[in-house]
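A.B. asks: I would like the atomic coordinates for the input below:
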Amino acid sequence: MVERFLRQTSFTSVEDYNKNLEFIIPEHFNFAYDVMDVWAEEKPDGLALLWTNDQGAERRTTFAQLKEQSDQAAAYLQSLGIGKGDPVMLILKRRYEWWLVMLALHKLGAVVIPATHMLTKHDIVYRDTRASVKAIVCVDDDYVTGQIRLALPESPTVETVVVVGEEDAPLSLSEGDTAKVGWHSWSQEWLKTPQFVRPAEKNDNSDTMLMYFTSGTSGEPKMVAHDFLYALGHLTTGVFWHNLHEGSLHLTVADTGWGKAVWGKFYGQWFAGATVFVFDHEKFNADTLLRQMEKYKVTSFCAPPTIYRFMIREDLSRYDLSSLEYCTTAGEALNPAVFDKFLEKTGIRMMEGFGQTETTMTLGTFPWMEPKPGSMGMPNAQYDIDLVRPDGTPCEDGEKGEIVVRVGDDKPIGLFKEYYRDEELTREAWHDGLYHTGDVAWRDEDGYYWFEGRIDDVIKSSGYRIGPFEVESALMTHPAVVECAITGVPDDIRGMVVKATIVLGKEWKDKAGDELAKELQQHVKRETAPYKYPRIVEFVDELPKTISGKIRRVEIRKKDSQA
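C.D. replies: Numbering: from 1, shown residues only. As a prediction, this is how the structure comes out:
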């Protein structure tokens, strides 16, 4: 499969990858037809999807079956009036049908808008109106359908709601459901439509395929629009960063409403011909997850550092993880202490990657590289990455600057098209030949990048610039700390002082107080430059986070400013 889209299909070094990575770009590329349907012809009995849930259910789907089912789903959605360019929002948790509907909408040329099941009425109205959503496909969940019902009177463009529930489950309609919006039961209807016929009008590579509403740390979410080549951009994610191949069984921990789902549960993995493993569960539990990995013999695993932090607190000797070959992490910066502990317990080195909702993986630690614990790795050769100062000039090695993507005449494969319907916001981030990520890092003499934080998160204290991540990394090496967030608090003398907001391990919670705070302050002084230590320490039960799980430091700062 890979040889259809790359001039060279394997690499042995950083130099080889940087010099020889070259995409073959088909006309009218469509992942569903050009990758998945091809696999159905070439490898019909290959296992494409192994889906399980916390109730003990299991579904094994071959590439041939996935083609048949996605065709049927496309025919059904087509019968509801959904076609090329129509925005469709998916709120499906980890339901099996998410994979079918994603492929079906790609086949129709519609615009897919994945969303989390945690959205409120306000969130849904905002998305419906900003994107002119035509249809919603949602899980049969009282909270989800309840919030949609509340949102519909303020969502004039929504014509159809498809509810995905258990087989033969009746569709319950309420008095508030109007004739303006057609409510449909997936389980009762989708298999009754005629055979799918591929639309005559093909998509252009530049057409919008996918939109994500970013879970920003401040302000309303932005609409990130991706074209059909975005899927092709994830070839490097699955084949090279995840190091997958035919026979791999890959598990990425991510909700299907997050961008990480298409990073780890969809595009790149199927370019490699690997099997996507899904564990559909309501509440995360490290022991339960490890038992699933043991039972099904997962070979490749990717999760945010938070998941690894909970895993290493388990006695990993109780689980048979001998099938596990490769582990990766992204979504937030990796603390070296977590890397070291996981390596000690499993013998596996975590390979970190970095990217945004606006991109595929821009920086990463590839198989031909030696990982440096805590480093994001090196630039992915499909992007021209640099670090720049506020005036736009390049940074020297060791100097902190903003991560940017240099954009020439042709937009790199994987970089977003625009912030949909917001030219001003697009120009703010993308101008003078640079896409500005808003993330700060520094580069060492070997070319590895080290994350510092968002531009707005950097703390200026007594003339020093302090990145939150370097202090958080020091704190995370203390056994009491499960999670922490570093922010700046205004100070008359120093300008700002460093504050640590800390979640303690359950065995340490009764020790929260001044004595432990002092111990943690001294610990930071020993682990990093003393001027970085937190002068203020607050213990909390949980940190404020976005719906995609990112820490909202802006909320902590706002709370402190009002105190």
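A.B. asks: got the residue ranges for the strands in the stretch 251-400 of the chain?
C.D. replies: Ranges of strands within the stretch 251-400 of the chain are 275-280, 300-302, 326-329, 350-355, 361-364, 375-379, 385-388, based on DSSP state E, counting those that start in this stretch.
A.B. asks: Looking at those strands, which is nearest to residue 527?
C.D. replies: Across those, residue 527 has its closest neighbour in strand 375-379 (17.1 Å, Cβ to Cβ). The way it works is simple: take the backbone N, C-alpha and C, and place the C-beta from them, glycine included.
A.B. asks: Go ahead and confirm residue 260 touches residue 252.
C.D. replies: Yes - Residue 260 is within contact range of residue 252, at 6.7 Å (criterion: Cβ atoms under 8 Å).
A.B. asks: returning to what we had before: including distance to residue 452, mean neighbour count and mean pLDDT, could the strands of the stretch 251-400 of the chain go into TSV?
C.D. replies: Compiled in TSV, these are given as follows (distance: least, Cβ to Cβ, whole Å; neighbours: other Cβ atoms under 10 Å; pLDDT from 0 to 100):
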stretch	distance to residue 452	mean neighbour count	mean pLDDT
strand 275-280	33	22	97
strand 300-302	23	27	97
strand 326-329	18	22	96
strand 350-355	12	24	95
strand 361-364	13	26	97
strand 375-379	11	23	95
strand 385-388	10	18	96
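A.B. asks: These into JSON lines, with extra columns for distance to residue 473?
C.D. replies: Output for the strands of the stretch 251-400 of the chain, formatted as JSON lines (distance: least, Cβ to Cβ, whole Å):
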{"stretch": "strand 275-280", "distance to residue 473": "29"}
{"stretch": "strand 300-302", "distance to residue 473": "21"}
{"stretch": "strand 326-329", "distance to residue 473": "14"}
{"stretch": "strand 350-355", "distance to residue 473": "13"}
{"stretch": "strand 361-364", "distance to residue 473": "17"}
{"stretch": "strand 375-379", "distance to residue 473": "11"}
{"stretch": "strand 385-388", "distance to residue 473": "19"}
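A.B. asks: so which of the ones you listed comes closest to residue 93?
C.D. replies: Of all the strands of the stretch 251-400 of the chain, it is strand 275-280 that lies closest to residue 93, at 7.0 Å by Cβ to Cβ.
A.B. asks: Determine the set of other helices and strands touching the closest one.
C.D. replies: The contact analysis (3 or more Cβ pairs under 8 Å, 6 or more residues apart in numbering; DSSP states H and E) places strand 275-280 against strand 47-53, strand 249-252, helix 267-271, helix 286-296.
A.B. asks: Pairing partners for that strand, with directions?
C.D. replies: Note on strand 275-280: by DSSP bridges, its sheet partners are strand 47-53 (parallel), strand 249-252 (parallel).
A.B. asks: Need the winner for burial among the helices and strands packed on strand 275-280.
C.D. replies: Mean neighbour count (mean count of other Cβ atoms under 10 Å) peaks for helix 267-271 among those, with a mean of 27.
A.B. asks: What helices and strands are in contact with it?
C.D. replies: helix 235-236, strand 275-280.
A.B. asks: Tabulate those (JSON lines), appending distance to residue 320.
C.D. replies: Putting the helices and strands packed on helix 267-271 into JSON lines (distance: least, Cβ to Cβ, whole Å) gives the following:
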{"stretch": "helix 235-236", "distance to residue 320": "31"}
{"stretch": "strand 275-280", "distance to residue 320": "16"}
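A.B. asks: Go through those and name the closest to residue 184.
C.D. replies: strand 275-280 (22.3 Å).
A.B. asks: Could you tell me the angle between the closest one and helix 286-296?
C.D. replies: For strand 275-280 against helix 286-296, the angle by axes from the mean of the first three to the mean of the last three Cα atoms, to 10 degrees is 140 degrees.
A.B. asks: How far does strand 275-280 sit from its chain's centre?
C.D. replies: How far strand 275-280 lies from its chain's middle: 16 Å, per Cα atoms, centre = their mean, to the nearest Å.
A.B. asks: Please shift the residue numbers so they start at 750 in all later answers.
C.D. replies: From this message on, residue numbering opens at 750, which makes the last subject strand 1024-1029.
A.B. asks: Send me it as CSV with only the CA atoms.
C.D. replies: Only the C-alpha atoms of strand 1024-1029 are listed here, as CSV (Å, rounded to 0.1, in the frame of the first residue of the first chain):
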residue,chain,number,x,y,z
THR,A,1024,-5.4,-3.9,12.8
VAL,A,1025,-7.0,-1.1,14.8
PHE,A,1026,-7.9,-2.2,18.3
VAL,A,1027,-10.7,-0.4,20.1
PHE,A,1028,-11.7,-0.7,23.7
ASP,A,1029,-15.1,1.0,24.2
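A.B. asks: Output the below-cut-off pLDDT ranges for the stretch 900-1049 of the chain.
C.D. replies: The stretch 900-1049 of the chain contains residues with pLDDT under 70 at 916-929, 964-968.
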